[in-house]
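Student: Dropping the sequence and predicted coords here.
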Amino acid sequence: MVKKPILKGNKIILRPITVDDAEGMYSSLSDKESMRLTGTQDSFTFEQVQNFCKRLETADDRLDYAITLPDNPNYLGEVVLNEIDWDNQSANFRIALASESLFGKGLGTEATHLIIDHGFRELKLHRIELEVYDFNPRAKHVYEKIGFVQEGVRRDVLLWEGQYQSAIMMSILSHEYLESNNKPN
């Protein structure tokens with residue numbers, strides 16, 4: 001099983017998601033703006049969310065972390081490296097804050113930086129990729145700040161409230177990240 005250590009930043013702590021996070025995760029599914037930004041159109045029962053969280057505890061092809069504060073272990077969102085391809089040293093990245101009230105506080109930026117750093121330094125990944133919808137320039141800016149570069153666009157992949165939206169494909173390679181963060185590997 002892949003090791004999932006606690007990752008500490010200046011503002012937040014990332015800890016592996018457990019079944020105890022099901023309530024916070026389920027609650028976040030009612031935040032309209034978070035759902036829009038992630039393109040989530042499905043609805044889920046509490047039992048489905050609980051079973052999902054339970055499966056994450058032993059998953060070997062992904063790292064799912066709860067975003068928390070140092071003085072409060074409650075779930076504020078999640079940051080994930082999934083679809084890990086160990087043979088090709090690559091993974092997909094995604095993040096979701098639980099509520100619009102958490103936007104603009106730097107929590108997502110720090111969570112992204114912490115897990116990308118862990119992916120390259122500890123997991124020895126070579127490539128991390130993501131998709132961000134074209135109506136989310138704030139997230140695209142954060143990814144660019146960390147070093148992700150745009151590779152292409154998947155046109156009209158999401159039908160949201162009667163309008164098609166495109167997904168911007170971005171990636172970052174280990175040497176790009178490590179060179180810009182000036183820490184030895």
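Tutor: Received the coordinates, thanks.

Student: would you list every one of the helices in this protein?
Tutor: Counting by DSSP state H, the segments of the chain that form helices are 22-28, 32-38, 46-56, 107-121, 137-146, 174-180.

Student: elements contacting the third one?
Tutor: Packed against helix 46-56, as judged by 3 or more CB pairs under 8 Å, 6 or more residues apart in numbering; DSSP states H and E, are the following elements: helix 22-28. To be clear about C-beta, it is placed using only N, CA and C from the backbone, and glycine gets the same treatment.

Student: pLDDT-wise, which helix or strand of the chain ranks last?
Tutor: When each helix and strand of the chain is scored by mean pLDDT, DSSP states H and E, helix 32-38 comes last, with a mean of 82.

Student: Distance from the chain centre to that helix, please.
Tutor: 14 Å (CA atoms, centre = their mean, to the nearest Å).

Student: how far away is the residue of the chain positioned farthest from its centre from residue 180?
Tutor: Among the residues of the chain, the one whose C-alpha is farthest from the average of all C-alpha positions is residue 162, by CA atoms, centre = their mean at 26.5 Å. As for residue 162, its distance to residue 180 is 40 Å (criterion: CB to CB, to the nearest Å).

Student: ok, now residue 14?
Tutor: 21 Å.

Student: One more: residue 157?
Tutor: Distance of residue 157 to residue 180, computed by CB to CB: 29 Å.

Student: Which of those two has more residues huddled nearby?
Tutor: For residue 157 versus residue 180, neighbours defined as other CB atoms under 10 Å are more numerous around residue 157 (14 against 10).

Student: residue contacts, that one?
Tutor: With contacts defined as CB atoms under 8 Å, 6 or more residues apart in numbering, the neighbours of residue 157 are 164, 165, 166, 167.

Student: now do 7 Å
Tutor: Remark: with contacts taken as CB atoms under 7 Å, 6 or more residues apart in numbering, residue 157 is in contact with 166, 167.
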